[in-house]
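1. Everything below, folded, please.
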Amino acid sequence: MKKVGILGGTFNPPHLGHLIMANEAYHSAGLDEVRFMPNFIAPHKEVAGASAQQRLMMTQLAISGYSHFKVEDAEVKSGGVSYSFDTLTKLTEQEPDTEFFFIIGGDMVEGLPTWHRIDDLVEFVRFIGVKRPGYNTETPYPVMMIDSPELLLSSTMLRERAAADRPLTFLVPEKVERFIRKERLYGSQPNA
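-> Numbers count the residues shown, from 1 in each chain. Below you'll find the model as predicted:
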């Protein structure tokens, strides 16, 4: 069985914290690859500042050069609200020889009881939780918790920095920052 990690999210924008999480899960769980899966419309948060296609492009730029990272565009292609249960059901049907691991941050672990069809989802997908400072990781669901270098970094903070024309250097991959400036995302200005 091929072991594939799925890291879902808005990736609005993707940042180094996402790459670190994915890499730690890849090594800790002995995965064959990790797929970054931008959602079209997130069920738990509002997505503003970048279209689904722009977020997909930024994700592709963020992972370029890492052979064990791929982009999964299933939710962007599907459109509508992106529910992990629906997407992973389809992926499991399309790839019956693959064992899927859903990678989530510690901030998402405590919210698992609110997920759409979570009781069904845990029957065919394994969860990997990446610890984050300040979050409770106790849950009634089976989650393999892993340690990871912890960064207090969020996409919200990065959007605010871009809007204020503050540097994103060392916080997002260089190609992502160039894309944000070129597309004038989040109210940013192009580099001079």
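
2. From here on, just use CA atoms for contacts and neighbour counts.
-> Will do.

3. which residues of the chain score low on pLDDT?
-> Low-confidence segments of the chain (pLDDT under 70): 43-47, 191-192.

4. how about 90 then?
-> Applying pLDDT under 90 to the chain flags residues 40-49, 78-83, 105-108, 110-111, 131-138, 147-154, 187-192.

5. buried stuff in stretch 182-192?
-> In terms of neighbour count (16 or more other CA atoms under 10 Å), stretch 182-192 has its buried residues at R184, L185, Y186, G187, S188, Q189.

6. Check what contacts it and list those residues.
-> G49, A50, R159, E160, A162, A163, A164, D165, I180, R181 (CA atoms under 8 Å, 6 or more residues apart in numbering).

7. any idea how far E24 is from the closest residue to the fourth one other than its chain neighbours?
-> Excluding its sequence neighbours, the residue lying closest to E160 (CA to CA, 6 or more residues apart in numbering) is Y186, at 7.5 Å. The span separating Y186 from E24 equals 29 Å under the rule CA to CA, to the nearest Å.

8. ditto for E160
-> E160 is 27 Å from E24, by CA to CA.

9. can you pull the contacts of Q53?
-> Contact analysis of Q53 by CA under 8 Å, 6+ apart lists V76.

10. Name the SS class of it, please.
-> helix (DSSP: H, G, I helix; E, B strand; the rest coil).

11. try G5
-> G5 ends up strand, using three-state DSSP.

12. Give the bridge partners for it, please.
-> V34, F101 (DSSP bridges).

13. going forward, begin numbering at 314 instead of 1
-> Yes, from this point I'll number from 314; that puts the last item at G318.

14. show me what contacts it?
-> Contacts of G318 (CA under 8 Å, 6+ apart): A335, A338, Y339, L344, E346, V347, R348, F413, F414, F415, I416.
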